[in-house]
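A.B. asks: next input, structure requested:
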Amino acid sequence: MELHDWLRPDWRASGTQAFMTTRQGGVSLNGWHSLNLGRSVGDDPAAVAENRRRVAEAIGATPVFLKQMHGTRVVRLAPSLAVPGLEPEPADASISLDPALACAVMAADCMPVLFAAPGGVGAAHAGWRGLSAGVLDNTVQALCEATGCEPAQVQAWMGPCIGPAAFEVGADVLEAFGAAAVQEDQPHFRYQANAAGQPRWRADLVGLARQRLQSLGLTDIHGGHWCTFSDPERFFSYRFEQTRHQPGGRMAAVIRLT
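C.D. replies: Model prediction:
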C-alpha cells in the first residue's frame with residue numbers, strides 16, 4: 001500500500017515495522033481532510049473506519065487504539081483488547097510482544113514516541129502533562145520488564161509535535177517539570193511575555209522528551225524534527241485549528257513486531 005508522505009523512523013530497529021501518518025491518504029472531507037483517525041472530533045464515523053482500515057492494511061496487523069487521557073498508564077496488548085467494537089482501553093501508552101497486534105497512539109500537537117526493543121515494541125502519547133508525570137518512564141519500564149532487556153537496548157523515535165516557536169505555555173507547565181517560573185530563559189523554556197504583558201514561555205517539547213529518555217538510560221534516540229503547528233498542510237495541529245475555529249483530525253504513530 002502507498003504510504004503517501006507518512007513518516008518512517010530513521011532507526012536501525014530490525015524486526016519491526018513502524019510509521020507515523022500525516023493528513024494524507026484517507027477519505028475524510030472538509031477540515032478532516034483526509035486521513036483523520038480520531039473518532040471524537042466530529043468526523044463521519046464511516047470515513048474514520050475506512051481510514052483506520054487503511055492504517056491496519058499498511059501496518060499488516062491490528063492497530064490497537066487507546067482512550068488517551070493525558071496520563072501515564074501503559075497497557076500490554078492482548079487479543080482481548082483488539083475485539084471489534086470494544087471500548088478502547090483508557091491509557092496513554094502500550095507495548096506489544098505479539099506481531100499480530102500493533103501499538104497505536106494518536107496525536108495532533110502532543111508528541112508520539114515509538115519504542116523498539118529486542119522482542120518487543122511500544123508507543124506513548126506524550127503531551128506535556130503525560131511527559132512531566134512519567135508516561136515515557138512507565139513505557140520504558142514496562143517494555144524492559146516484558147522483554148528482559150535493559151534501557152540502553154531500547155531505541156526511541158519522536159514523531160511530529162508542536163515546536164518551541166509555537167508552544168506558548170504558562171507557569172503551570174514549568175512547575176510540572178520542576179522548573180522555576182522566573183521571567184527569563186531556562187533549559188527547554190524560552191521566556192517571552194505575550195501581547196498583554198503576561199509572563200509566558202516557549203516550551204521545547206522535543207528537548208524535554210529527549211532529556212527524559214536520556215535520564216532513563218536510552219542512548220539511541222531519533223526523530224523530533226517536525227513542528228505540527230508550522231506545517232498544517234501536512235500535519236493535523238489542534239492549536240493551529242483552534243486559532244482558526246476549524247475542525248481538526250488526529251494522526252497516529254503505529255509500530256509492530258514483524
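
A.B. asks: only C-alpha atoms for contact and neighbour calcs from this point on.
C.D. replies: Fine.

A.B. asks: now do stretch 198-207: distance from first to last residue.
C.D. replies: Using CA to CA, to the nearest Å, the end-to-end distance of stretch 198-207 comes out at 24 Å.

A.B. asks: what do you get for stretch 81-93?
C.D. replies: Stretch 81-93 has an end-to-end distance of 13 Å (criterion: CA to CA).

A.B. asks: what's next to it, contact-wise?
C.D. replies: Stretch 81-93 is contacted by residues 62-75, 101, 105, 122-126, 130, 135, 139 when judged by CA atoms under 8 Å, 6 or more residues apart in numbering.

A.B. asks: which residue is the nearest non-sequential neighbour of the residue nearest the centre of the chain?
C.D. replies: Nearest to the geometric centre of the chain sits residue 112, at 1.5 Å (CA atoms, centre = their mean). Among residues not flanking residue 112 along the chain, residue 125 sits closest, at 4.8 Å (CA to CA, 6 or more residues apart in numbering).

A.B. asks: residues near residue 248, how many?
C.D. replies: As a burial measure, residue 248 scores 23 neighbours (other CA atoms under 10 Å).

A.B. asks: is it fair to say it lies in a strand?
C.D. replies: No: per DSSP: H, G, I helix; E, B strand; the rest coil, residue 248 lies outside any strand segment and is coil.

A.B. asks: a helix runs through residue 253, doesn't it?
C.D. replies: No: counting by three-state DSSP, one finds residue 253 to be strand, located in no helix.

A.B. asks: circling back to that earlier point, quick one: the strand or helix carrying the residue nearest to the centre of the chain to chain centroid distance?
C.D. replies: Element membership of residue 112 [criterion: DSSP states H and E] is strand 111-117. On the basis of CA atoms, centre = their mean, to the nearest Å, strand 111-117 sits 8 Å off its chain's mean C-alpha point.

A.B. asks: helices or strands up against the helix or strand just after that strand?
C.D. replies: Next in sequence after strand 111-117, counting helices and strands by DSSP H and E, comes strand 120-126. On a contact count with 3 or more CA pairs under 8 Å, 6 or more residues apart in numbering; DSSP states H and E, strand 120-126 meets strand 93-96, strand 101-107, strand 111-117, helix 135-147, strand 251-257.

A.B. asks: any stretches of the chain with poor pLDDT?
C.D. replies: Within the chain, the stretches with pLDDT under 70 are 1-3.

A.B. asks: where along it do the strands fall?
C.D. replies: Applying DSSP state E to the chain gives strands spanning 16-20, 62-64, 74-76, 93-96, 101-107, 111-117, 120-126, 155-158, 168-169, 189-191, 201-203, 220-223, 251-257.

A.B. asks: can you list these in JSON lines and add distance to residue 39?
C.D. replies: Listed next are those as JSON lines, based on distance: least, CA to CA, whole Å:
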{"stretch": "strand 16-20", "distance to residue 39": "18"}
{"stretch": "strand 62-64", "distance to residue 39": "14"}
{"stretch": "strand 74-76", "distance to residue 39": "20"}
{"stretch": "strand 93-96", "distance to residue 39": "18"}
{"stretch": "strand 101-107", "distance to residue 39": "11"}
{"stretch": "strand 111-117", "distance to residue 39": "18"}
{"stretch": "strand 120-126", "distance to residue 39": "17"}
{"stretch": "strand 155-158", "distance to residue 39": "24"}
{"stretch": "strand 168-169", "distance to residue 39": "27"}
{"stretch": "strand 189-191", "distance to residue 39": "33"}
{"stretch": "strand 201-203", "distance to residue 39": "29"}
{"stretch": "strand 220-223", "distance to residue 39": "27"}
{"stretch": "strand 251-257", "distance to residue 39": "11"}
